[in-house]
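J.: Need coordinates for the below:
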Amino acid sequence: MRCLFFSLLFLMLPLSSYGQESEARSGSAYSSIGLGNPADSFSAGTVGMGLSGVSVHDPYTANSANPALWGVGPYTQGSIVFGLQRYNATDGLESTVYNQFTVNQFQLVLPVVRSRFGISVGFFPTTRSNFDLGVEGSVSPDGEPIDYFNRIQGSGGGSKAELGFGYRLSESLAAGYAASVHFASLNREINTAFDSEAFSNLAYSENISGRALGHRFGLYGRTSDFLRNRDEVSFGASVSLPVTIETERSVSAFRETQNDFSSVDLLPENFDRNCEVQIPLEFNLGLTYNPGPLFNLSLEYQEQLWGQTRYSLDSDQENYLADRSKIGMGAQFHPYRRDGSGGFFSGFKYSAGVTYDTGHLMVEDEQIETLMFHTGLGILSRRTPSSIDLSFQFGFRGTETKNLVKETMWGLKISFNLAEGMFVRSRFQ
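T.: From the prediction side, this is the model:
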């Protein structure tokens, strides 16, 4: 009966470590809540600015932020983005360092009718959960306190496969739409050790998975000669409708049955295994000014209504969710576009930017904010429009107040951007 008592107890324990004495052993402690931390999607050409690129038109790199821009490009475009991040997390008493390698996104844009109508197919993450937490506590089943150490390892998150199109309505206006299939997959391994020999250690796995359809809309407009001759101002906007994913939960452990170890379902037959996980309404606004062909300056604002979403698997974790706002500013310099440009440093594209993010969590009445600085270098091919973009990020997330975790983050992203020469030319001009 005692083993059954502890099994039921730890099945009902919230998986977040807040409110208990805990240590972030590896991965981000904040990604243990809900579906994990939101995964920002950067267009391949604007990674160095730290912006999604919702208002930035680059004919040589794929744009993942705004479906409308898929209809204005003259070239076939493809991109794949990899990322390596290093975190230093501390709660004021202890600290840990961990690394994370990710494939950020893949995208292919085909101009069915050049500079008029294009389609895009891509695969993008929406959230990421990756953590290894140690939680200490005690229980008193018979009146005597028993200390335990609960180790929780988690991975997974949300992602989407997307197919859409963009159409240029006029010389200065374009619109687009994308349909997507959203996937949710979370895996948590829980291992509990007791300081009493009267109780056996516990080990079990929890998994949730599900999928649902999503929709995204985009609008892009531009005008020339706004403040001076040959300058350009462009505006971009995208809206992603909320997505409700019906997921199924399973809890299992390996147990010895009939002299053999096999996976055993720990949930009762009448237990409700279904739960709702939501991806919130999101809108992204951007404004870009090009005073000339060599320079562009962009401003962006993004809003995600996480505070209105459901995570019915755990009401305590759902209460931590809050609306997220992100603002950013970035600039690019393109010296290779200058007539008669020469020299080694004229063959690159330079980018820089800064972003501030209120975060999607409110823990102990503290907003988990993020401040990031970005810089980038675009390496252009001498024979084709293809390029390789490198970017570096540095910033801070969270706070050490109220025993929370502050994370110092370094990141390196590399995107391979393949233009028309790498694929079959469009048959329609």
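J.: Can you get me the start-to-end distance on stretch 216-230?
T.: 32 Å (Cα to Cα, to the nearest Å).
J.: Now do that stretch: distance to the chain's middle.
T.: 28 Å (Cα atoms, centre = their mean, to the nearest Å).
J.: Likewise for stretch 145-156?
T.: 26 Å.
J.: Spatially, what comes nearest to F42 if we skip its sequence neighbours?
T.: S52 (5.9 Å; Cβ to Cβ, 6 or more residues apart in numbering). In short, each C-beta sits where N, CA and C put it, glycine included.
J.: OK, contacts around that neighbour?
T.: By Cβ atoms under 8 Å, 6 or more residues apart in numbering, the contact set of S52 is D40, S41, F42, S43, T46, S64, A65, N284, G286, E300, Q302.
J.: can you check S64 too?
T.: By Cβ under 8 Å, 6+ apart, the neighbours of S64 are S41, F42, S43, A44, S52, G53, S79, Q105, Q107, G122, F124.
J.: One more: L51?
T.: Counting by Cβ under 8 Å, 6+ apart, L51 touches F42, G286, S298, E300, G328, G330, G353, T355.
J.: Same check on R338?
T.: Residues in contact with R338 (Cβ under 8 Å, 6+ apart) are L294, S346.
J.: pLDDT score assigned to it?
T.: As predicted, R338 sits at a pLDDT of 76.
J.: gap between it and H57?
T.: 20 Å (Cβ to Cβ, to the nearest Å).
J.: Now do the contacts for N290.
T.: D231, E232, V233, S234, N296.
J.: Confirm the last one sits in a strand?
T.: Yes - note on N296: a strand contains this position according to DSSP: H, G, I helix; E, B strand; the rest coil.
J.: Grab the nearest non-local neighbour of it.
T.: N296's closest residue in space is N290 (Cβ to Cβ, 6+ apart), at 4.6 Å.
J.: Please apply the same query to the second one.
T.: The shortest distance from E232 to any residue that is not its chain neighbour, by Cβ to Cβ, 6+ apart, is 4.3 Å, and that residue is N290.
J.: How about the secondary structure of the one you found?
T.: Per three-state DSSP, N290 ends up strand.
J.: Roughly how far does it sit from Q317?
T.: From N290 to Q317 the distance is 44 Å (Cβ to Cβ).
J.: Equivalent analysis for K406, please.
T.: 21 Å.
J.: Which residue ranges of the protein form helices?
T.: Listed in chain order, the helices of the chain (DSSP state H) span 2-11, 315-320.
J.: okay, stretch 166-186 in CSV with CA atoms only?
T.: As requested, the backbone C-alpha atoms of stretch 166-186 are provided in CSV (Å, rounded to 0.1, in the frame of the first residue of the first chain):
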residue,chain,number,x,y,z
GLY,A,166,1.5,34.6,-51.4
TYR,A,167,0.0,36.8,-54.2
ARG,A,168,1.0,40.3,-55.3
LEU,A,169,-2.3,42.3,-55.6
SER,A,170,-0.6,45.4,-57.1
GLU,A,171,2.8,47.0,-57.4
SER,A,172,2.7,48.0,-53.8
LEU,A,173,0.5,45.5,-52.0
ALA,A,174,0.6,41.7,-51.5
ALA,A,175,-1.3,39.2,-49.3
GLY,A,176,-0.8,35.6,-48.3
TYR,A,177,-2.2,32.6,-46.4
ALA,A,178,-0.7,29.4,-44.9
ALA,A,179,-2.3,26.3,-43.5
SER,A,180,-0.4,24.2,-41.0
VAL,A,181,-0.5,21.0,-39.0
HIS,A,182,0.6,21.6,-35.5
PHE,A,183,2.2,18.7,-33.5
ALA,A,184,2.6,18.5,-29.7
SER,A,185,4.9,16.0,-28.1
LEU,A,186,6.2,16.1,-24.6
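J.: Could you list the buried residues of that stretch?
T.: Of all the residues in stretch 166-186, those buried under the rule 16 or more other Cβ atoms under 10 Å are 166-168, 173-176, 178, 180, 182-186.
J.: now swap in stretch 361-369 and tell me
T.: Quick answer for stretch 361-369 (16+ other Cβ under 10 Å): L361, M362, V363, Q367, I368.
J.: I33: which of those residues is nearest?
T.: L361 (6.3 Å; Cβ to Cβ).
J.: Could you find the closest non-adjacent residue to the closest one?
T.: Going by Cβ to Cβ, 6+ apart, L361 has I368 as its nearest residue, at 4.3 Å.
J.: what about that neighbour, distance to E400?
T.: In terms of Cβ to Cβ, I368 sits 12 Å off from E400.
J.: ok, back up a step: mind putting the contacts of L51 in CSV, pLDDT, neighbour count and distance to Y87 included?
T.: Formatted as CSV, the contacts of L51 follow (pLDDT from 0 to 100; neighbours: other Cβ atoms under 10 Å; distance: Cβ to Cβ, whole Å):
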residue, pLDDT, neighbour count, distance to Y87
F42, 89, 25, 19
G286, 97, 25, 28
S298, 97, 25, 27
E300, 98, 27, 24
G328, 97, 23, 21
G330, 97, 26, 23
G353, 97, 25, 21
T355, 97, 22, 17
